[in-house]
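got a predicted model here, sequence first, then my questions.
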Amino acid sequence: MGIGALTMARATGVIFRSEFPRYIYRRMTLEQTGGRNIRVHMLAEILAQGCANISALAIPGFMMAVNGHAPISGWEIAGAGLWLAAYILESTADMQKLRFTARHKIGVCDGGLWRYSRHPNYFAEWLVWTGLVTASVPSWLALRDIEALPVWLSLGVGAAGASVMMYITLVYLTGAVPAEYYSVKKRAGYRQYQETMNRFFPWLPNDSRNIPD
């Protein structure tokens, strides 16, 4: 992800000379809804994101770190396998998009993994976190005997919330929706791509019907 970000920055000037488009998009939506003190609002969102990173998103790893049970369960194997597969898919999708944008200044990247989802990289990123949540299930169950019921339930809800939070973020907040706002403006044919391809969950393209978001 870091290499991809630096490659994009070198090619487009994002990061070094301008903001990420998603931040510009967020400021625009706040202005359109009549928001006041937009800088304060965006600062609050940054702080909220930081709090999420050190709380809900850290819970699965925290529970696995404190689990002293030696045996590895099927949940952990399945979660680790899902994490690895998703990481490979995300890296593949990012590389396919980087190669396409390097060769085509216009047009729509609709080959490879992008033939089955408008945002296969975001979908795979969500699976990465879902894999971590899956792997943390045995650790959460092991805590039942040593934690008070309210604490134990809160940890379970928080861990599941990591997957839910990433889905909402990747689709609506900093992912698909802001990205597509600019793709429609910059790339001819993207509107048709939207009509024939699922936005997030992979599926076969279908030119004969509109695909619901």
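That came through, no problem. What you see is a predicted model; the values in this text were computed from it and never measured.

in the longest helix anywhere in the chain, what counts as buried?
For the chain, the helix with the greatest residue count under DSSP state H is helix 74-103. The neighbour-count check on helix 74-103 (16 or more other C-beta atoms under 10 Å) flags 75-76, 79, 82-83, 86, 89-90, 93-98, 100-101 as buried. Every C-beta, even on glycine, is put in place using the N, C-alpha and C of the backbone.

may I have the next helix or strand after that helix as CSV, with CA atoms only?
Going down the chain from helix 74-103, the next helix or strand is helix 120-135, by DSSP states H and E. C-alpha atoms of helix 120-135 as CSV (Å, rounded to 0.1, in the frame of the first residue of the first chain):
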residue,chain,number,x,y,z
PRO,A,120,-11.9,-5.3,-5.8
ASN,A,121,-9.1,-3.7,-3.7
TYR,A,122,-11.5,-2.3,-1.2
PHE,A,123,-13.4,-5.6,-1.0
ALA,A,124,-10.1,-7.4,-0.4
GLU,A,125,-9.1,-4.8,2.3
TRP,A,126,-12.4,-5.5,4.0
LEU,A,127,-11.7,-9.2,3.9
VAL,A,128,-8.3,-8.6,5.5
TRP,A,129,-10.0,-7.2,8.5
THR,A,130,-12.7,-9.8,8.5
GLY,A,131,-10.0,-12.4,8.5
LEU,A,132,-8.5,-10.9,11.7
VAL,A,133,-11.9,-10.8,13.3
THR,A,134,-12.5,-14.5,12.4
ALA,A,135,-9.1,-15.5,13.8
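
residues contacting Arg27?
38, 42 (C-beta atoms under 8 Å, 6 or more residues apart in numbering).

any idea how far Met42 is from it?
Remark: distance between Arg27 and Met42 (C-beta to C-beta, to the nearest Å) = 7 Å.

grab the nearest non-local neighbour of the residue positioned nearest the centre of the chain.
Closest to where the C-alpha atoms of the chain average out (C-alpha atoms, centre = their mean) is Leu170, at 3.7 Å. Distance criterion C-beta to C-beta, 6 or more residues apart in numbering; nearest residue to Leu170, sequence neighbours excluded, is Tyr122 at 4.3 Å.

tell me the pLDDT of the one you found.
If you check Tyr122, the pLDDT there is 96.

just to check, it is in contact with Pro178?
No. Using C-beta atoms under 8 Å, Tyr122 is not in contact with Pro178, being 11.3 Å away.

out of these two, which sits in the more crowded spot?
Neighbour count, other C-beta atoms under 10 Å: between Tyr122 and Pro178, Tyr122 has more, with 23 against 20.

follow-up on the earlier one: contacts only, for the residue nearest to Leu170.
Going by C-beta under 8 Å, 6+ apart, the list of residues near Tyr122 reads 170-171, 175-176, 200.

may I see those residues arranged in TSV, with pLDDT and secondary structure as well?
Compiled in TSV, the contacts of Tyr122 are given as follows (pLDDT from 0 to 100; DSSP: H, G, I helix; E, B strand; the rest coil):
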residue	pLDDT	secondary structure
Leu170	94	helix
Val171	95	helix
Gly175	90	coil
Ala176	94	helix
Phe200	96	coil
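
nearest to Lys105, of these?
For the contacts of Tyr122, the closest approach to Lys105 (C-beta to C-beta) belongs to Ala176, at 22.0 Å.
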